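Novice: have a look; sequence and predicted model below, questions after that.
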Amino acid sequence: MTNNYLECYHCRMAQPEFNDMMAIPESVFTLFPNFIYQNPPTKKKAENLAFPLDLDHNVLVGEFCKLFPNITLGRFPGTRQFYGLYRQWVTAHGSKFSD
């Protein structure tokens with residue numbers, strides 16, 4: 001389930017907007033027994049494929065807490081109150097995301 005998940009190797013093709021905005025290779029990961037904290041910076045591009053960033057006032061770093069096995073809490077770059085909750089449902093027939 002987590003193969004190639006944190007490193008975001010798939011992002012360039014699967015999530016081009018996110019990839020254009022974020023500097024994923026510069027992410028900092030902190031591992032804990034039951035969760036992972038990921039701190040990816042943006043590329044500091046005001047104009048990108050995801051959405052415009054105000055480089056003087058917006059949050060320029062994402063914060064994501066990945067709770068084992070399938071929940072992600074995240075603060076995206078941009079507006080200070082831009083949060084997300086993601087669940088990945090895993091069954092014998094595959095998986096799907098919901099928000």
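Specialist: Structure's in. What do you need? Numbers count the residues shown, from 1 in each chain.

Novice: from now on I want contacts and neighbour counts done on CA atoms only, so please keep to that.
Specialist: Will do.

Novice: which residues of the protein score low on pLDDT?
Specialist: Where the chain drops to pLDDT under 70, the residues are 1-6, 69, 81-82, 86-99.

Novice: looking at it, which helix is longest?
Specialist: As far as residue count goes, and with DSSP state H defining each element, the longest helix of the chain is helix 16-21.

Novice: quick one: list the elements packing against that helix.
Specialist: Judged by 3 or more Cα pairs under 8 Å, 6 or more residues apart in numbering; DSSP states H and E, helix 16-21 is in contact with helix 11-14.

Novice: got the contact list for the longest helix of the chain?
Specialist: Under the contact criterion Cα atoms under 8 Å, 6 or more residues apart in numbering, helix 16-21 has outside partners Cys11, Arg12, Thr42, Lys43, Lys44, Lys45, Asn48, Leu49, Ala50.

Novice: just the buried residues out of those, in PyMOL syntax.
Specialist: One line in PyMOL is enough to select the buried ones among these; burial here means 16 or more other Cα atoms under 10 Å:
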select buried, resi 11+42+43+45+48
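
Novice: columns secondary structure on top of the contacts of helix 16-21, output as TSV?
Specialist: Putting the contacts of helix 16-21 into TSV (DSSP: H, G, I helix; E, B strand; the rest coil) gives the following:
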residue	secondary structure
Cys11	helix
Arg12	helix
Thr42	strand
Lys43	coil
Lys44	coil
Lys45	coil
Asn48	coil
Leu49	coil
Ala50	coil
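
Novice: before we move on, the earlier item: CA atoms only: put the longest helix of the chain into CSV for me.
Specialist: Taking Å, rounded to 0.1, in the frame of the first residue of the first chain, the C-alpha atoms of helix 16-21 are listed here in CSV:
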residue,chain,number,x,y,z
PRO,A,16,1.3,17.2,-12.4
GLU,A,17,-0.2,20.2,-10.6
PHE,A,18,1.0,19.1,-7.2
ASN,A,19,4.4,18.2,-8.7
ASP,A,20,4.8,21.7,-10.3
MET,A,21,4.1,23.4,-7.0
